[in-house]
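Q: structure of the sequence below:
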Amino acid sequence: MKLFLKVLSYFFHPLFIPIMGTLSYFVITPKYTPREIQNGNILPIFILTVIIPIIIYFILRTLGVVSNIFLPKVGERKYPLIISLALLLMIVVKVIPNNYIIELYYFFLGLIAATSSCLLLLFLNFKSSLHMMGMGTLLMFLTGLSIHFEINITIAISAVTLAAGLVATARLYFQAHSRSEIFIGFLLGMISQLLTFKFWL
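A: Below you'll find the predicted structure:
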């Protein structure tokens, strides 16, 4: 059980949520999207949200700024979140405009809002769960896509809901967060996406 929850924590690490949301869009959308447009979004988003943050993490760990990839202390989270925010802004400003897809544009705006909220709470010494922020973001984005395209993806939404519950269990099991930190993180992720719905639904 411990190993399963550990693997789950790695698989649904907030680092992977942007690329998961991007891939989900291209799998779900009924709209025809040329391969060049798909690659023009997926590849740079993967590089900016996965590859570069991993490289930066190893640099920060070498410098002693962070202790592990789950950033257990409040002080460890500030620099990674600021860097993550800068990379997300770069996607919205530089990547998506070149291959404009309105759903992805607002998905990333929602992520920026959620990340900014988590960063703000850090300055108030509150460590909201980034794992649950990511799960709330992904769940609400899938729900929005289902409504937007009028497609029944109940199985996918149910699977992500189950995964969110398991991730919350894992974070509590490893004593990484309190219940309030789990709840606030999940709420921030969901609300940030929900607020964007009126612009693209």
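Q: who are the neighbours in contact with the spatially closest residue to Asn152 that is not a sequence neighbour?
A: Distances taken as CB to CB, 6 or more residues apart in numbering put Ser146 closest to Asn152, at 7.1 Å, once the chain neighbours are dropped. C-beta: built from backbone N, CA, C; applies to glycine. Ser146 makes contacts with 28, 152-154, 157, as judged by CB atoms under 8 Å, 6 or more residues apart in numbering.
Q: what about 10 Å?
A: Residues counted as contacts of Ser146 (CB atoms under 10 Å, 6 or more residues apart in numbering) are 28, 152-154, 156-157.
Q: what do you get for Gly21?
A: Residues in contact with Gly21 (CB under 10 Å, 6+ apart) are 45, 49, 103-104, 107-108, 110-111, 134, 137-138, 141-142, 145, 193.
Q: next: Leu87.
A: Contact partners of Leu87, counting by CB under 10 Å, 6+ apart, are 18, 45, 47-49, 52-53, 56, 115.
Q: element containing it, please.
A: helix 74-90 (DSSP states H and E).
Q: packing partners for the next helix or strand after that helix?
A: Using DSSP H and E, the helix or strand that directly follows helix 74-90 along the chain is helix 102-123. For helix 102-123, the packing partners by 3 or more CB pairs under 10 Å, 6 or more residues apart in numbering; DSSP states H and E come out as helix 17-28, helix 35-46, helix 74-90, helix 130-149, helix 179-194, helix 197-200.
Q: got the CA positions of the second one in CSV?
A: Presented in CSV, the C-alpha positions along helix 35-46 are these (Å, rounded to 0.1, in the frame of the first residue of the first chain):
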residue,chain,number,x,y,z
ARG,A,35,-0.3,17.5,-36.4
GLU,A,36,1.9,20.6,-36.7
ILE,A,37,-0.5,22.5,-34.3
GLN,A,38,-0.5,19.6,-31.9
ASN,A,39,3.3,19.3,-31.9
GLY,A,40,3.6,23.1,-31.7
ASN,A,41,1.8,23.0,-28.4
ILE,A,42,2.7,19.7,-26.8
LEU,A,43,6.5,19.8,-27.3
PRO,A,44,7.2,23.3,-26.0
ILE,A,45,4.7,22.8,-23.1
PHE,A,46,6.4,19.5,-22.2
